[in-house]
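[1] Any chance you could fold what I've pasted below:
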Amino acid sequence: MTLLAVVSRLIRNTVFKYETVAFVIALLFLYSFVFHRDSLRSVFNRARVSVQNSRLNALPNGRVSGQVAAAGSLSSDRNGKNSGPKQWELRKDNVAVYSIQGRRPRMEDRYDFVHDKNHSGVAMYGIFDGHGGAFAADFTEKLLSQSVMARVLQALLKEGKANHSQILIEEILSLDEKFLTVARSNNDVAGTTALVALLSGNELTVANVGDSRGVMCDHEGRTVPLSFDHKPHLPQERKRIKKAGGFITFNGVWRVAGILATSRAIGDYPLKDRKFVVADPDIQTFDLSECKPQFLILASDGLWDAFSNEEAVMYVKERLDEPHFGAKSIVLQAYYRGSLDNITVMVLNFKAGAAAGNANEKQKDEGEI
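    Residues are numbered from 1 along each chain as shown. Next up is the predicted model:
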């Protein structure tokens, strides 16, 4: 047998065997994953964002206020590439927001705020912490403030006053039903918390669904809770879940049916259909003429995994003079303390608002002279 025949037989018996081809493909995949991991991740992320955008493009336009203004990272490597978690920041008037993706593979927190809509003197602030994808948080961020503010303005025009508590309850539940219809048709299991503060004059109304949380620092520096977390192990929540035929489990965190760490949410249609999870908001009202607040903090649970209410108030109080009213500092501190979640903090600085108001009055008086 010639050498050529031997080589030919060797190639037929080894190179073209199924096992050899599969082994080579596996090696190529492993090589691509190790040396081109960032490129592959970028491709998949673009595909995921494209799908989410196609869903959102089907929603009505006319969003009241914008998303985060700028994105970056906490640090860069030697080649100038971003190596830290992605971060977003925004400051407008007396409101500052700072947000980081943290140690999670994707960013699912969203926020929204509307100032003095149509010169009505009404403002609305919201934090939405998504889970199972960002679709529910995107949906809520885009539509909730729009529907709530429309109802408030309509009531003011017709009756001269608005029942903020009733409007918030009705619009949150209505939005949940609308989202569930879309989610079922897309087989999307995403959900989100909703923490909303509606401010009109000295009346502050806070609606909460889930475990995002708000706190207030009053004029004496005391901590005033604006909301209370909806956790599965709490007696009222546990009783409701069991009455619906559900159960809760503990594997380091209490979860509804072993899945969800919050007992109330917008979305989560598989659990919502069985009434294990509900979207009923808790409502708290405050008279700011009595509280005389220095500032409010609204934040996703990524902050509260690292800070107590009192710690957060004390920390921000000492940093109100910073460009972001302490929002940036406390987010980064929560990250450095080991918080594993997305972290978003909104600070509403009443001191800055009062200063701006006094400056405007001074300019007005000087102009009249």
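
[2] hey, let's count contacts and neighbours off CA atoms from now on
    OK.

[3] quick one: strands adjacent to the strand ranked longest in the chain?
    Ranked by residue count and defined by DSSP state E, the top strand of the chain is strand 122-131. Sheet neighbours of strand 122-131, with direction, are listed as strand 109-114 (antiparallel), strand 191-192 (antiparallel), strand 194-200 (antiparallel) (DSSP bridges).

[4] among those, which is the most enclosed?
    For the strands paired with strand 122-131, the largest average neighbour count (mean count of other CA atoms under 10 Å) is found in strand 191-192, namely a mean of 32.

[5] mind checking how far the closest residue to residue 173 other than its chain neighbours is from residue 229?
    Once flanking residues are discounted, residue 173 sits nearest to residue 279: 6.3 Å by CA to CA, 6 or more residues apart in numbering. Remark: distance between residue 279 and residue 229 (CA to CA, to the nearest Å) = 13 Å.

[6] Tell me what the closest residue to residue 297 other than its chain neighbours is bridged to.
    Excluding its sequence neighbours, the residue lying closest to residue 297 (CA to CA, 6+ apart) is residue 347, at 4.8 Å. Residue 347 forms beta bridges with residue 96, residue 297, as assigned by DSSP bridges.

[7] Hmm, residue 325 and residue 347 touching each other?
    Yes - at 6.6 Å, residue 347 counts as touching residue 325 under the criterion of CA atoms under 8 Å.

[8] so residue 91 sits in a strand?
    Yes - looking at residue 91 with DSSP: H, G, I helix; E, B strand; the rest coil, it is inside a strand.

[9] Outline the domain layout of the chain.
    The chain breaks down into these domains under automatic domain parsing: 3-35, 63-230+276-368.

[10] for these, which one ends up most surrounded?
    Counting by mean count of other CA under 10 Å, domain 63-230+276-368 has the highest mean neighbour count of the domains of the chain, with a mean of 19.

[11] any idea of the mean pLDDT for it?
    Domain 63-230+276-368 shows a mean pLDDT of 89.

[12] was I right about the residue nearest to residue 173 contacting residue 262?
    No - in this structure, residue 279 is not within contact of residue 262 by CA under 8 Å, at 10.9 Å.

[13] how much space between the nearest residue to residue 225 once chain neighbours are set aside and residue 311?
    Distance criterion CA to CA, 6+ apart; nearest residue to residue 225, sequence neighbours excluded, is residue 215 at 4.5 Å. Distance of residue 215 to residue 311, given as CA to CA: 11 Å.

[14] Kindly report the same for residue 341.
    19 Å.

[15] Phi and psi next, for the closest residue to residue 274 other than its chain neighbours.
    Closest residue in space to residue 274, ignoring its immediate chain neighbours: residue 244 at 7.1 Å, by CA to CA, 6+ apart. Per-residue torsions, residue 244: phi -80, psi 0 (degrees, to the nearest 10).

[16] my guess is residue 244 contacts residue 276, does it?
    Yes - Residue 244 lies in contact with residue 276 (CA under 8 Å); the separation is 6.1 Å.

[17] what about residue 318, distance to residue 352?
    Taking CA to CA as the measure, residue 318 falls 14 Å from residue 352.

[18] Please apply the same query to residue 146.
    Residue 146 sits 26 Å away from residue 352, going by CA to CA.

[19] what's the answer for residue 271, then?
    Taking CA to CA, one finds residue 271 at 43 Å from residue 352.

[20] now swap in residue 210 and tell me
    From residue 210 to residue 352 the distance is 30 Å (CA to CA).

[21] Break down the chain into its helices, ranges please.
    Under the criterion DSSP state H, the chain contains helices at 3-10, 18-35, 37-56, 135-159, 164-186, 235-243, 269-273, 288-291, 301-304, 309-317, 327-336, 350-368.

[22] returning to what we had before: overlap of the contact sets of residue 347 and residue 325?
    In terms of CA atoms under 8 Å, 6 or more residues apart in numbering, residue 347 and residue 325 are both contacted by the residues residue 96.

[23] ok so, going back, and the strands paired with strand 122-131 as CSV, adding distance to residue 292?
    Output for the strands paired with strand 122-131, formatted as CSV (distance: least, CA to CA, whole Å):
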stretch, distance to residue 292
strand 109-114, 21
strand 191-192, 31
strand 194-200, 13
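
[24] check contacts around the residue nearest to residue 338 when sequence neighbours are not counted.
    Distance criterion CA to CA, 6+ apart; nearest residue to residue 338, sequence neighbours excluded, is residue 306 at 7.3 Å. Counting by CA under 8 Å, 6+ apart, residue 306 touches 334, 337-339.

[25] from what I can see residue 197 touches residue 205, true?
    Yes - using CA under 8 Å, residue 197 makes contact with residue 205 at a distance of 5.7 Å.

[26] Tally up the residues packed near residue 274, please.
    Counted with other CA atoms under 10 Å, the burial measure for residue 274 works out to 13 neighbours.

[27] Adjust the sequence numbering to begin at 51 for everything that follows.
    With 51 as the first residue, the last one maps to residue 324.

[28] Next, it: phi, psi?
    When quoted as degrees, to the nearest 10, the phi and psi of residue 324 stand at phi -100, psi 0.
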